[in-house]
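Enquirer: Give me coordinates for this.
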Amino acid sequence: MSHFFALFSRMKHMDRWALMRNVSRENLSTHSLDVAAVAHALAVIGNRRLGKAYDPDFAAALGIYHDMPEILTGDLPTPVKYYNDEIRSSYAKIEQAAEEALLNALPEDLRDDFLPLLKPDTTRPEYKLMKAADKISALIKCVEERNGGNREFSHAEEATREAIRALGCEEANIFLDEFLGGYEMVLDTILK
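Expert: Residues are numbered from 1 along each chain as shown. Below is the predicted model of the structure:
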């Protein structure tokens, strides 16, 4: 018997942004869906507008599974995770152990299919798009919190926006320019 998808379903119980007051709680499931959708969009943008040859489905799948190890490790807040090299290195080892545990929770004949999703090749262009999508998802959360009257996310919004622009990812910049503004709008305005 495999417990992999029972573990996967627990992502909905893992809250993000633990160090900050939230107007709207966000869990790993919600975040992962957002990352998957944005990563897919970035790949499509790259293919259609920039002549790239991304695999949008793989980019989306990376987004779905990218934070699954946090079921076992918890969501260590970014300021803590990257506080210094020693903590960063130690946490990387913990994440690797979690990835191995998740792979081992799969039936042996399926492990090779999930390996590229749980232990991705960080040199693949779709991985880089997924990482950009992860930052875009964080920026969207910041915008939503600000729109809800929460100033707690204002510094994170500014820093995240700068981090996305610093990636030099043309697809991410196109997404910000063309789609981010919609997150500032209310539903009635969006639908008109």
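
Enquirer: Which strand or helix spans the residue nearest to the spatial centre of the chain?
Expert: Per C-alpha atoms, centre = their mean, the C-alpha nearest to the average position across the chain is that of D134, at 3.1 Å. In this assignment (DSSP states H and E), D134 forms part of helix 125-147.

Enquirer: how far does that helix sit from the chain's center?
Expert: On the basis of C-alpha atoms, centre = their mean, to the nearest Å, helix 125-147 sits 6 Å off its chain's mean C-alpha point.

Enquirer: Send me that helix as PDB with only the CA atoms.
Expert: The C-alpha coordinates for helix 125-147 follow below in PDB (Å, rounded to 0.1, in the frame of the first residue of the first chain):
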ATOM      1  CA  PRO A 125      14.300  25.600 -18.500                       C
ATOM      2  CA  GLU A 126      10.900  24.500 -17.100                       C
ATOM      3  CA  TYR A 127      12.400  24.400 -13.600                       C
ATOM      4  CA  LYS A 128      13.500  28.000 -14.000                       C
ATOM      5  CA  LEU A 129      10.000  29.000 -15.200                       C
ATOM      6  CA  MET A 130       8.500  27.200 -12.200                       C
ATOM      7  CA  LYS A 131      10.800  29.100  -9.800                       C
ATOM      8  CA  ALA A 132       9.700  32.400 -11.500                       C
ATOM      9  CA  ALA A 133       6.100  31.300 -11.100                       C
ATOM     10  CA  ASP A 134       6.700  30.600  -7.400                       C
ATOM     11  CA  LYS A 135       7.900  34.200  -6.900                       C
ATOM     12  CA  ILE A 136       5.000  35.500  -9.000                       C
ATOM     13  CA  SER A 137       2.600  33.500  -6.800                       C
ATOM     14  CA  ALA A 138       4.200  35.200  -3.700                       C
ATOM     15  CA  LEU A 139       3.800  38.600  -5.300                       C
ATOM     16  CA  ILE A 140       0.100  37.800  -6.100                       C
ATOM     17  CA  LYS A 141      -0.400  37.000  -2.400                       C
ATOM     18  CA  CYS A 142       1.200  40.300  -1.400                       C
ATOM     19  CA  VAL A 143      -1.000  42.200  -3.800                       C
ATOM     20  CA  GLU A 144      -4.100  40.400  -2.400                       C
ATOM     21  CA  GLU A 145      -3.100  41.100   1.200                       C
ATOM     22  CA  ARG A 146      -2.500  44.800   0.400                       C
ATOM     23  CA  ASN A 147      -5.900  45.000  -1.400                       C
END
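
Enquirer: Cool, thanks, signing off.
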